[in-house]
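Trainee: I'll drop the sequence and a predicted model, then ask my questions.
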Amino acid sequence: MLPVIRIFVPRISSPWESIAKLGGCARTNFSSSAVNCGIYSPEDLPPPGPPQFAPINLRIRGYDFTLVEHYMYYLTRLAHNVGVPNTKRWATPAVSTRVTSFKPQSSLLQNEYELNLFERNVLLTGASVSILSTLLDVMNSTLPEGVSVTAKVMEPADEEMRRVPDYELVALKGQLAEMASEREKKKKG
């Protein structure tokens with residue numbers, strides 16, 4: 001019997017195989033690489049689907065209280081039915097304006113009126129581009145007479161306007177600060 005001589009020749013590997021060995025998965029070709037090793041997906045990608053707007057504030061203003069109030073409820077229901085996931089609504093205090101008219105060619109007072117401008121706000125968050133464009137078109141076509149609507153991105157000033165200050169609480173905090181300063185003076189003196 002002849003002796004068997006074994007010669008070990010190192011196998012030349014492709015760059016893809018060496019990369020696969022480093023990653024811990026066996027790649028044979030490109031089509032199976034995604035199945036065997038998984039798909040790389042960065043963590044900072046936005047969620048799939050149409051892009052979403054920042055929170056939009058719909059500011060509804062008018063001189064007729066019931067019309068402004070009912071239109072606010074209508075817009076809230078419309079946004080919910082169209083598919084806007086989050087809506088918030090709030091009221092701001094009415095702005096009173098005194099209007100006077102004079103008799104012609106004199107400075108005598110003819111009539112005096114007090115007009116109240118009512119304002120309601122609806123905040124839409126999580127609305128996609130396609131939904132919001134449809135919603136704004138419907139809102140524009142159903143706008144009642146005497147009511148104006150402004151749509152803009154929510155700003156910190158709008159959030160500040162939303163909060164009505166509690167003057168009693170502010171006065172009590174001032175009294176607490178005075179009492180704390182008097183205690184400090186007594187401890188030092």
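Mentor: Yep, that arrived. Just so it is clear, the structure is predicted and the values come from calculations on it, not from any experiment.

Trainee: Which helix or strand lies directly C-terminal to the least confident helix or strand in the chain by mean pLDDT?
Mentor: Least confident helix or strand, the chain: helix 30-37 with a mean of 50, by mean pLDDT, DSSP states H and E. The helix or strand immediately downstream of helix 30-37 is strand 56-62, counting by DSSP states H and E.

Trainee: What lies in contact with that following strand?
Mentor: 68, 71-72, 75, 117-125, 127, 132, 139, 144, 146-155, 158 (Cβ atoms under 8 Å, 6 or more residues apart in numbering). Bear in mind the C-beta positions are built from the backbone N, C-alpha and C, glycine included.

Trainee: Taking those, please make a ChimeraX selection of just the buried ones.
Mentor: Remark: buried members of the contacts of strand 56-62, expressed as a ChimeraX selection using 16 or more other Cβ atoms under 10 Å:
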select :68,71,72,75,118,119,120,121,122,123,124,125,127,132,139,147,149,154,158
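
Trainee: So which of the contacts of strand 56-62 are in strands?
Mentor: Using DSSP state E, 117-125, 147-153 are the members of these that sit in strands.

Trainee: and the residue nearest the centre of the chain, what are its phi and psi?
Mentor: With distances taken as Cα atoms, centre = their mean, the residue of the chain nearest its centroid is Pro55 (2.2 Å). According to degrees, to the nearest 10, the main-chain angles of Pro55 amount to phi -60, psi 130.

Trainee: State the distance from it to Ala91.
Mentor: Counting by Cβ to Cβ, to the nearest Å, the gap from Pro55 to Ala91 is 18 Å.

Trainee: what does the model give the closest residue to Leu143 other than its chain neighbours for pLDDT?
Mentor: Sequence neighbours aside, Val149 is the residue nearest to Leu143 in space, at 6.2 Å (criterion: Cβ to Cβ, 6 or more residues apart in numbering). The per-residue pLDDT reported for Val149 equals 94.
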